[in-house]
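Asks: Compute the structure for the input listed below.
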Amino acid sequence: MELQFLGSVFPLNVYREDVYKYLHLMPEKKVADTSRFVLAPMPGMLKSIAVKEGDLVSEGMEVCVIEAMKMQNSLTAGVTGKVKKIHFKAGETVGDQDVLVEIE
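Replies: Sure thing, here's the model as predicted:
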């Protein structure tokens with residue numbers, strides 16, 4: 001939940017009293033660094049792959065195209081680096097959040 005006051009937005013969590021008592025015992029969830037992976041944003045079919053293993057890619061460069069619900073989505077590299085591994089071939093079906101390409 002968020003609270004907005006005079007144009008500023010503040011995150012707000014509301015807990016029952018018994019839950020709040022034990023909140024400090026719960027570990028914080030760490031956010032995984034996925035910047036070195038190209039992930040499938042939705043289930044679909046991998047139409048084409050524009051890179052090969054060992055190719056150098058720059059941030060924002062098109063890596064592959066995925067087709068979902070008759071629409072093609074271009075997926076780009078999030079970082080500059082070298083393509084380490086390609087996990088799928090063109091024409092294969094991919095699931096939501098599958099790792100398509102690894103960049104080192």
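Asks: give me every residue that touches the closest residue to residue 51 other than its chain neighbours.
Replies: Ranked by Cβ to Cβ, 6 or more residues apart in numbering and with sequence neighbours excluded, the top spatial neighbour of residue 51 is residue 83, at 5.1 Å. Every residue, glycine included, has its C-beta placed from N, CA and C. Taking Cβ atoms under 8 Å, 6 or more residues apart in numbering, we find residue 83 in contact with 51-57, 63, 101-103.
Asks: let's go with 10 Å and repeat that
Replies: 38, 49, 51-57, 63, 77, 101-104 (Cβ atoms under 10 Å, 6 or more residues apart in numbering).
Asks: now do residue 98
Replies: If a contact means Cβ under 10 Å, 6+ apart, then residue 98 has 37-40, 43-44, 46, 66, 87-88, 92 as its contacts.
Asks: and the gap between it and residue 88?
Replies: 7 Å (Cβ to Cβ, to the nearest Å).
Asks: can you check residue 53 too?
Replies: Note on residue 53: its distance to residue 88, by Cβ to Cβ, is 13 Å.
Asks: who's more crowded, these two?
Replies: residue 88 (18 against 11; other Cβ atoms under 10 Å).
Asks: Spell out for me which residue occupies the centre of the protein.
Replies: residue 39 (5.2 Å; Cα atoms, centre = their mean).
Asks: So that residue sits against residue 77, correct?
Replies: No: applying Cβ atoms under 10 Å as the test, residue 39 and residue 77 come out as separate, 11.7 Å apart.
Asks: Quick check: neighbours shared by those two?
Replies: residue 101.
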